[in-house]
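Q: following is a predicted model, sequence given first.
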Amino acid sequence: MNYTGGEIGDQVATVEYPSLACSGRWVLTMDTGQSVQVREEITKESDPMNCVDEVDLILTPAGDGGLRYEVTSVEDTGTLRRSK
């Protein structure tokens, strides 16, 4: 994931899932000041069964410097960390 930032309605990141052979973008849909919501839109995939075409994620800064994410439609959570 490469997060670039932006305003509501803007593409704010690109995402790649090499093991699933798909990639896409995140569009900012809400900013509460504490967290943001993005819509992930898959724009390139080799097998339509590998990735969900659209999904909403809530992103919240984690206290350890990571970025906590919640995928609301499938009740999945985790933490993203910067690569070095």
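A: Nice, thanks for sending it over. Numbering: from 1, shown residues only.

Q: quick check: mean pLDDT across the strand or helix carrying Glu41?
A: When secondary structure is defined by DSSP states H and E, Glu41 falls within strand 36-45. Averaged over strand 36-45, pLDDT sits at 95.

Q: partners of that strand, with directions?
A: Sheet partners assigned to strand 36-45 using DSSP bridges are listed as strand 22-31 (antiparallel), strand 54-61 (antiparallel).

Q: out of those, which comes closest to Gln11?
A: Set against Gln11 and scored by CB to CB, the strands paired with strand 36-45 come closest in strand 22-31, at 4.8 Å. Heads up, the C-betas are built off the backbone N, CA and C, glycines and all.

Q: what comes up buried for that closest one?
A: Neighbour-count burial for strand 22-31, with 16 or more other CB atoms under 10 Å as criterion, is recorded at Cys22, Gly24, Arg25, Trp26, Val27, Leu28.

Q: just stretch 69-81 next, same as before
A: Tyr69, Glu70.

Q: so where is this structure shaky, pLDDT-wise?
A: Segments of the chain classed as low confidence (criterion: pLDDT under 70) are 84.

Q: would you list the strands paired with strand 36-45 in JSON lines and tack on distance to Val15?
A: Formatted as JSON lines, the strands paired with strand 36-45 follow (distance: least, CB to CB, whole Å):
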{"stretch": "strand 22-31", "distance to Val15": "5"}
{"stretch": "strand 54-61", "distance to Val15": "10"}
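
Q: to Asp10, which of the ones you listed lies closest?
A: In terms of CB to CB, the element of the strands paired with strand 36-45 nearest to Asp10 is strand 22-31, at 5.6 Å.

Q: just the CA trace of that closest one, in PDB.
A: Listed in PDB are the C-alpha atoms of strand 22-31, where the atom choice follows Å, rounded to 0.1, in the frame of the first residue of the first chain:
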ATOM      1  CA  CYS A  22      -4.600  -8.100  -8.000                       C
ATOM      2  CA  SER A  23      -4.200  -4.400  -7.300                       C
ATOM      3  CA  GLY A  24      -6.300  -1.300  -6.900                       C
ATOM      4  CA  ARG A  25      -6.900   2.000  -5.200                       C
ATOM      5  CA  TRP A  26      -8.300   3.500  -2.000                       C
ATOM      6  CA  VAL A  27     -10.700   6.400  -2.300                       C
ATOM      7  CA  LEU A  28     -11.300   8.500   0.800                       C
ATOM      8  CA  THR A  29     -15.000   8.500   1.800                       C
ATOM      9  CA  MET A  30     -14.900   9.900   5.400                       C
ATOM     10  CA  ASP A  31     -12.500  11.600   7.800                       C
END
